[in-house]
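S.K.: Predicted coordinates and the sequence they were generated for:
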Amino acid sequence: MGLVETIELPKPADLGPVHFIAIGGSGMNGIATAFLQLGIPVSGSDRQDSPYLRALEAAGARVYVGHAAAQLGDARTVVASSAIREDNPELAEAKRRGLRVLHRSAALGSLMLGRRGIAVAGTHGKTTTTAMIASVLTGAGLDPSFVIGGALTGSKSGGHIGGGNVLVIEADESDGSFLQYPAEIAVVTNVDPDHLINWGSAENYADGFFRFATGKAVRLLVVSADDPGAVALTQRVRAEAANGNTAIEIVTFGESEAADVRFSGADFVGTGSSFELRTADEGGPVTLSVPGDYNVRNAAASYAVGAWLGVPDEVIRVQLAKYRGTYRRFQLVGTVNGIRVYDDYAHHPTEVANTLAAARTGVGDGRVVVCFQPHLYTRTRDFWRELAGALERADQAIVMDVCGDREDPIPGIDGRMVADAVAVGTAEVTYEPVWDEAAPTVARIARPGDLVITVGCGDVTKVAPKIVAELERQRFSRAGAAG
């Protein structure tokens with residue numbers, strides 16, 4: 001796939017009718033929604049139907065299930081992501097007709113022109129931190145625009161054009177496209193090597209974050225004081241400042257005593273948390289309704305951004321308490337017979353471990369049952385041992401086969417290698433390579449009091465409601481037998 005080259009950004013109004021390939025995807029639907037709200041004609045296609053697709057249609061977009069050249073219609077610009085192959089019929093037709101073809105990051109970056117941009121990057125935590133910042137600024141009355149890689153709870157889109165002059169976006173580092181954004185505020189939650197098929201090495205990956213953090217429009221860098229990769233980044237930026245090469249202001253956040261925005265006393269109860277959040281001058285208690293240590297850190301980053309923009313301390317803390325999460329981030333899908341079923345997007349070993357740690361705090365006396373689907377053959381090849389280690393935090397682990405998405409299979413790389421690497425005496429592992437059998441397998445294993453969670457960024461998300469349905473079927477079957 002490789003890295004995306006940056007371009008001079010066009011103004012949205014100059015793009016004419018815009019067609020989005022894979023318009024229903026988490027990285028695309030928010031941009032399409034924003035374009036619709038600007039009054040730009042939008043069309044798009046996706047390989048399968050989804051609530052995102054129907055929400056866009058209801059908002060005025062012309063949408064299609066499946067890809068075909070004729071669906072471009074009168075489009076003058078076509079937007080595609082790095083995941084779209086060159087032989088996609090719509091992409092091929094756009095190039096044949098000489099239409100403007102933009103990478104999704106250029107379409108997103110164009111929305112930042114004329115606005116104060118906040119770009120949130122990091123190997124983990126981008127979506128939640130972007131959503132938290134947007135929620136805080138919205139609650140504070142700034143009416144920001146935002147584009148998030150996941151719908152806010154209670155909504156069907158991750159995009160919104162507000163009346164204020166701030167735009168908050170999730171900045172994807174996977175293909176280098178986060179270098180496209182003319183952001184005033186750069187947020188880095190962590191730097192943990194990933195997507196090495198594009199970057200080539202961990203050093204190149206870290207260099208990409210340095211370029212992002214020191215972009216020519218950046219005035220403020222908000223960065224973790226705890227994550228080793230982020231700490232190394234901060235040291236590099238400070239060295240640049242000492243040499244007179246940059247005047248970027250740095251605000252750090254975390255548990256470290258050296259952090260400018262510091263949290264302490266974190267207490268994790270159920271699927272929420274409470275903690276103290278302070279700067280040198282102000283602060284106080286915060287209660288979150290979303291679980292995990294990682295969300296406390298995301299909240300501290302959001303506080304730093306809000307405070308720099310002038311939002312009062314108490315207002316930020318109140319708005320953080322009102323935050324209700326985003327789609328596929330520890331999202332409750334259903335509860336049957338005392339078994340809670342959640343769904344989460346985690347796919348990197350660190351994310352999987354953090355998600356299961358959060359599940360452990362919320363499970364009570366039951367067991368943590370994870371249904372995990374490895375994502376991408378290359379990531380599984382590079383991190384199968386680490387993924388297995390993360391699954392050891394569960395009591396029961398059902399491992400599916402790899403979701404290859406845009407990649408072709410690699411011989412010998414499958415879910416079994418992850419399942420077989422889980423240490424004996426930790427989680428009890430079941431390898432289930434047949435997709436349709438995953439939900440029945442999980443439902444047979446789960447028992448009242450358990451917390452079940454489907455984990456991965458592929459189509460494992462569709463397994464969660466099937467587990468709920470299977471648990472319901474089992475309950476009615478038992479009730480009928482008892483009657």
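M.R.: Cool, the structure landed.
S.K.: Show me where the stretch 201-350 of the chain has its helices.
M.R.: Taking DSSP state H, counting those that start in this stretch, the helices of the stretch 201-350 of the chain run over residues 202-213, 228-242, 293-308, 313-322, 349-362.
S.K.: avg pLDDT for the first one?
M.R.: It stands for helix 202-213. Taken as a whole, helix 202-213 has an average pLDDT of 96.
S.K.: would you list the helices of the stretch 201-350 of the chain in a markdown table and tack on distance to residue 158 and mean neighbour count?
M.R.: No exception for glycine: its C-beta is placed from N, CA and C like everyone else's. Listed next are the helices of the stretch 201-350 of the chain as a markdown table, based on distance: least, Cβ to Cβ, whole Å; neighbours: other Cβ atoms under 10 Å:
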| stretch | distance to residue 158 | mean neighbour count |
| --- | --- | --- |
| helix 202-213 | 21 | 18 |
| helix 228-242 | 25 | 16 |
| helix 293-308 | 16 | 26 |
| helix 313-322 | 18 | 18 |
| helix 349-362 | 19 | 22 |
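S.K.: Just say helix, strand or coil for the residue nearest to residue 10 when sequence neighbours are not counted.
M.R.: Of all residues beyond its chain neighbours, the one nearest residue 10 is residue 110 (5.6 Å), with distances taken as Cβ to Cβ, 6 or more residues apart in numbering. The assignment at residue 110 comes out as helix when based on DSSP: H, G, I helix; E, B strand; the rest coil.
S.K.: which residues touch residue 110?
M.R.: If a contact means Cβ atoms under 8 Å, 6 or more residues apart in numbering, then residue 110 has 9, 10, 11, 12, 15 as its contacts.
S.K.: Quick check: the gap between it and residue 31.
M.R.: Residue 110 sits at a distance of 9 Å from residue 31 (criterion: Cβ to Cβ, to the nearest Å).
S.K.: now residue 161
M.R.: Using Cβ to Cβ, one obtains 11 Å as the distance from residue 161 to residue 31.
S.K.: again with residue 222
M.R.: Distance, residue 222 to residue 31, using Cβ to Cβ: 23 Å.
S.K.: again, but for residue 204
M.R.: Distance of residue 204 to residue 31, computed by Cβ to Cβ: 27 Å.
S.K.: Then residue 80?
M.R.: Taking Cβ to Cβ as the criterion, residue 80 is separated from residue 31 by 12 Å.
S.K.: any shared contact partners between those two?
M.R.: Listed as contacting both residue 80 and residue 31 by Cβ under 8 Å, 6+ apart are 20, 104.
S.K.: The two: which has the busier surroundings?
M.R.: residue 31 (27 against 22; other Cβ atoms under 10 Å).
S.K.: Doesn't that one belong to a strand?
M.R.: No. With three-state DSSP as the criterion, residue 31 is located in helix rather than a strand.
S.K.: What's the end-to-end length of stretch 276-290?
M.R.: Distance across stretch 276-290, first residue to last, is 16 Å (Cα to Cα, to the nearest Å).
S.K.: swap that for stretch 397-407, sorry
M.R.: Counting by Cα to Cα, the length from the leading to the trailing residue of stretch 397-407 is 25 Å.
S.K.: chain center to it, what's the gap?
M.R.: For stretch 397-407, the distance from its own C-alpha centre to the chain's C-alpha centre is 18 Å (Cα atoms, centre = their mean, to the nearest Å).
S.K.: For it, buried residues please.
M.R.: Of the residues in stretch 397-407, those with enough neighbours to count as buried (16 or more other Cβ atoms under 10 Å) are 397, 398, 399, 400, 401, 402, 403, 404, 407.
S.K.: Report the backbone C-alpha coordinates of stretch 439-449 in CSV.
M.R.: Included here for stretch 439-449 are C-alpha records, laid out as CSV according to Å, rounded to 0.1, in the frame of the first residue of the first chain:
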residue,chain,number,x,y,z
ALA,A,439,-21.5,-17.0,17.7
PRO,A,440,-22.9,-20.4,18.6
THR,A,441,-19.5,-21.4,20.0
VAL,A,442,-19.3,-18.3,22.2
ALA,A,443,-22.9,-18.7,23.3
ARG,A,444,-22.2,-22.3,24.4
ILE,A,445,-19.3,-21.2,26.5
ALA,A,446,-20.9,-18.1,28.1
ARG,A,447,-22.8,-18.5,31.4
PRO,A,448,-24.7,-16.0,33.6
GLY,A,449,-22.5,-13.3,35.1
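S.K.: what's near enough to touch residue 184?
M.R.: With contact taken as Cβ under 8 Å, 6+ apart, residue 184 is in contact with 116, 117, 118, 217, 218, 219, 220.
S.K.: Neighbours of the residue lying closest to residue 148 once chain neighbours are set aside, how many?
M.R.: Nearest-residue entry for residue 148: residue 158, 3.8 Å, with adjacent residues in sequence omitted and distances by Cβ to Cβ, 6+ apart. Applying the criterion other Cβ under 10 Å, we find 29 residues in the vicinity of residue 158.
S.K.: In the sheet, which residues pair with the residue nearest to residue 428 when sequence neighbours are not counted? Tell me.
M.R.: Excluding the flanking residues, the one nearest residue 428 by Cβ to Cβ, 6+ apart is residue 396, at 5.3 Å. When bridges are taken as DSSP bridges, the partners of residue 396 come out as residue 369, residue 428.
S.K.: Residue 396 contacts residue 371, correct?
M.R.: No. No contact is recorded between residue 396 and residue 371 when judged using Cβ atoms under 8 Å, the distance being 9.2 Å.
S.K.: Per-residue confidence, residue 63, what does it come out as?
M.R.: pLDDT for residue 63: 97.
S.K.: Okay, the nearest residue to residue 415 once chain neighbours are set aside and residue 4: tell me how far apart.
M.R.: If you skip the residues right next to it in sequence, residue 415 has residue 401 as its closest partner in space, 4.3 Å away by Cβ to Cβ, 6+ apart. Spatial separation of residue 401 from residue 4 under the definition Cβ to Cβ is 29 Å.
S.K.: Quick one: residues contacting residue 415.
M.R.: Under the contact definition (Cβ under 8 Å, 6+ apart), the residues listed for residue 415 are 373, 374, 380, 399, 400, 401, 402, 431, 433.
S.K.: Any idea how many residues pack against the nearest residue to residue 60 once chain neighbours are set aside?
M.R.: Across the structure, with Cβ to Cβ, 6+ apart as the measure, the residue nearest residue 60 apart from its sequence neighbours is residue 36 (5.5 Å). Each residue near residue 36 was counted by other Cβ under 10 Å, and the total is 19.
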